[in-house]
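Undergrad: Return atomic coordinates for the entry below.
(2 chains)
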Protein chains: 2
Amino acid sequence: MPALPDLIGYVAALLTTASFLPQAILTIRTRDTAALSLSMYGIFTLGVSLWLIYGLFLHNPAIIAANAVTLLLSASILYVKIYNALTGRECPHTQEDR
Amino acid sequence: MPALPDLIGYVAALLTTASFLPQAILTIRTRDTAALSLSMYGIFTLGVSLWLIYGLFLHNPAIIAANAVTLLLSASILYVKIYNALTGRECPHTQEDR
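TA: I've put the predicted structure just below:
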């Protein structure tokens, strides 16, 4: 049985990784990205890519696996957001936030 | 100068934390949460709370600071999403995802 802090860390990693799955499903299903910030998903996807590289440097399977999954999910959300922005399929209020 | 992997880790932490700022600003400014997944922000906010507890256990200032900021930002987004859902201010397509 891992020590309590490690257990908390594993559950935290699982939750913060898994949390992007319902958003990816909602975005792919509804194609609605008006309320999603392009800056957030651009910066977040870059950050998660760096976490993945960090994990590869450390040869740490948990960091690699968690961030590979999160990267896939956030990149798919970012793709739909950029696609909508480029094809003009978004509501007006986010024009200035593209 | 920190080793390259540590530098990558610090930048990754900075980006994944800072990325929630534009989303929080957009959500608070537009009050539009239709495209945001309630499940995502619920699970993510719980996960970040656990990361904060993990950081407190380890007495690690970087983990504590990054996750305290992210918790504040994701909780504010979650608040607006729940407020909209409870007061019926959301578009129909996300009714089944509340």
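
Undergrad: Any idea how far the helix or strand bottoming out on mean pLDDT in chain A is from the middle of the chain?
TA: Sorted by mean pLDDT, DSSP states H and E, the helices and strands of chain A end with helix A:4-18, the least confident at a mean of 93. With CA atoms, centre = their mean, to the nearest Å as the basis, helix A:4-18 stands 17 Å off its chain's centre.

Undergrad: list the helices and strands it packs on?
TA: Contacts defined by 3 or more CB pairs under 8 Å, 6 or more residues apart in numbering or on different chains; DSSP states H and E place helix A:4-18 against helix A:61-86, helix B:38-58. (Glycine included, C-beta is placed from N, CA and C.)

Undergrad: can you count the residues close to the closest residue in space to residue A:68 that isn't next to it in sequence?
TA: With CB to CB, 6 or more residues apart in numbering or on different chains as the criterion, residue A:68 has its nearest non-adjacent residue at 5.9 Å, and that residue is residue A:52. Per other CB atoms under 10 Å in any protein chain shown, the neighbour tally for residue A:52 reads 21.

Undergrad: Likewise for the one 5 residues further on?
TA: Using other CB under 10 Å, residue A:57 has 15 other residues around it.

Undergrad: tell me the pLDDT at it?
TA: Residue A:57 is assigned a pLDDT of 93 by the prediction.

Undergrad: thinking it is in contact with residue B:6, fair?
TA: No - Residue A:57 is beyond contact range of residue B:6, at 9.3 Å (criterion: CB atoms under 8 Å).

Undergrad: what about the nearest residue to residue A:77 once chain neighbours are set aside, is that helix, strand or coil?
TA: Distances taken as CB to CB, 6+ apart place residue A:27 nearest to residue A:77, at 5.0 Å, with adjacent residues excluded. On the three-state scheme (DSSP: H, G, I helix; E, B strand; the rest coil), residue A:27 is labelled helix.
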